[in-house]
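Chemist: Would you be able to build a 3D model of this:
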Amino acid sequence: MIPLSIGFIGPGKVGVSLARYFSYKNIEISGFYGHNPKSLKEACNLTNSTIFLDLKNLITESNIIVITTPDDTISEINKQISKYNLTGKSIFHTSGSLSSDILSSAENSGASIYSIHPMFAFSNKFTDLEKLNNIYFSVEGKNVDSNSDIIKFMNSLGNKYFIRDSNSSAKYHLANVIVSNLALSLFNIGIEYLQDLGLSEKDSFEALYPLILGNIENIKNKGFNLSLTGPVSRGDISPVEKHLSVLKDKDIEIYKNLSMNLLNLKAKREFGNNEDSFVKLLNSSEKFGKIYKILGGIE
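Modeler: Numbers count the residues shown, from 1 in each chain. Here you go, the predicted model:
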């Protein structure tokens, strides 16, 4: 078997973090190709690999080529690499929102193409490698059986992964964005209300951090339904009415929609995951029917 060597197109925070991690897992990094000389030099210094100024040389020296550029440039890179003979090469991009089909020209030039997305928020090039041991990857492509080079590569990493089909990209990426980017926005909204009381952003976050962390741990250990707390799950009408009285206009619909989902989770906890569980909850107690109306529901 030819020794595995991985080359990267795109010396940014995702590419460098993954290259560092793969190297940490004793996988050879051939080097990086990119247009920013400073970033290219830094990436190769951090990974003890080669600077490639010629795309053809990167392809020649690599069994697997990883595209870690912004989504908008992947199509153009696909055109560039497809000019070369890619027989026997595996090529994947790391975008969660795009399928492997965007690399179809590379496939026509002989490559096996994939979308492999690390389920992690990379904020810089110096990601703690120990943390990456626990992340999941999603794998999408035509040739993902146990004998394919890319699956052998994934198995060598030791990370958990799952395989998805090419039509799943939008829904898959949405799931990631909701729990990452949109959750960040939600935390920011909550912190703004403490800032209104005179706390700094830093103090507000530190005050709420144990609550955030405890909630995540509860969900991990007990699941969503058994982690429910708060006035909506208890049917406490007065706190919900008070919340609505002080909410900023821009936050009212967010509060109502998320609270309505909590009411639905409460119904599933009490009456099972059935079509009529929500109706049963509303009929079980006048207080839940009242909260439903307050949140904008219609009896």
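Chemist: For the closest residue to Leu262 other than its chain neighbours, give its distance to Ser259.
Modeler: Spatial nearest neighbour of Leu262, excluding adjacent residues (CB to CB, 6 or more residues apart in numbering): Val232 at 4.5 Å. To be clear about C-beta, it is placed using only N, CA and C from the backbone, and glycine gets the same treatment. Taking CB to CB, to the nearest Å as the measure, Val232 and Ser259 are separated by 5 Å.
Chemist: Can you check which residues contact both of those two?
Modeler: Common contact partners of Val232 and Ser259 (CB atoms under 8 Å, 6 or more residues apart in numbering): Val240, Ile291.
Chemist: Between the two, point out the one with more neighbours.
Modeler: Val232 (25 against 22; other CB atoms under 10 Å).
Chemist: tell me the mean pLDDT over the helix or strand hosting the residue nearest to Leu262?
Modeler: Using DSSP states H and E, Val232 sits within helix 231-234. Computed over helix 231-234, the mean pLDDT rounds to 94.
Chemist: So what touches that helix?
Modeler: Contacts with helix 231-234, where a contact means CB under 8 Å, 6+ apart, come from Ile237, Ser238, Pro239, Val240, His243, Ser259, Leu262, Leu263, Leu265, Lys266, Ile291.
Chemist: Report the contact partners of the fifth one.
Modeler: Think His243. Pro231, Tyr255.
Chemist: Can you verify it is assigned to a strand?
Modeler: No: His243: not assigned to a strand; according to DSSP: H, G, I helix; E, B strand; the rest coil it is helix.
Chemist: That one and Ala267, how far apart?
Modeler: Taken as CB to CB, the span from His243 to Ala267 is 21 Å.
Chemist: for the nearest residue to Asn108 once chain neighbours are set aside, phi and psi?
Modeler: Excluding the flanking residues, the one nearest Asn108 by CB to CB, 6+ apart is Ser82, at 6.5 Å. According to degrees, to the nearest 10, the main-chain angles of Ser82 amount to phi -70, psi -10.
Chemist: Measure how buried Ser82 is and give me the count.
Modeler: Other residues close to Ser82 by other CB under 10 Å number 19.
Chemist: ok, it to Thr94 distance?
Modeler: Ser82 is 19 Å from Thr94, by CB to CB.
Chemist: And for Cys44?
Modeler: The gap separating Cys44 from Thr94 is 19 Å, by CB to CB.
Chemist: mind exporting stretch 209-219 as PDB, just the C-alpha atoms?
Modeler: Taking C-alpha atoms only, stretch 209-219 is exported to PDB below (Å, rounded to 0.1, in the frame of the first residue of the first chain):
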ATOM      1  CA  TYR A 209     -21.700  30.300  32.000                       C
ATOM      2  CA  PRO A 210     -22.500  27.700  34.800                       C
ATOM      3  CA  LEU A 211     -26.200  27.800  33.700                       C
ATOM      4  CA  ILE A 212     -25.200  27.200  30.000                       C
ATOM      5  CA  LEU A 213     -22.700  24.400  30.900                       C
ATOM      6  CA  GLY A 214     -25.100  22.700  33.300                       C
ATOM      7  CA  ASN A 215     -27.800  22.700  30.700                       C
ATOM      8  CA  ILE A 216     -25.600  21.100  28.100                       C
ATOM      9  CA  GLU A 217     -24.400  18.500  30.600                       C
ATOM     10  CA  ASN A 218     -28.000  17.700  31.500                       C
ATOM     11  CA  ILE A 219     -29.000  17.300  27.900                       C
END
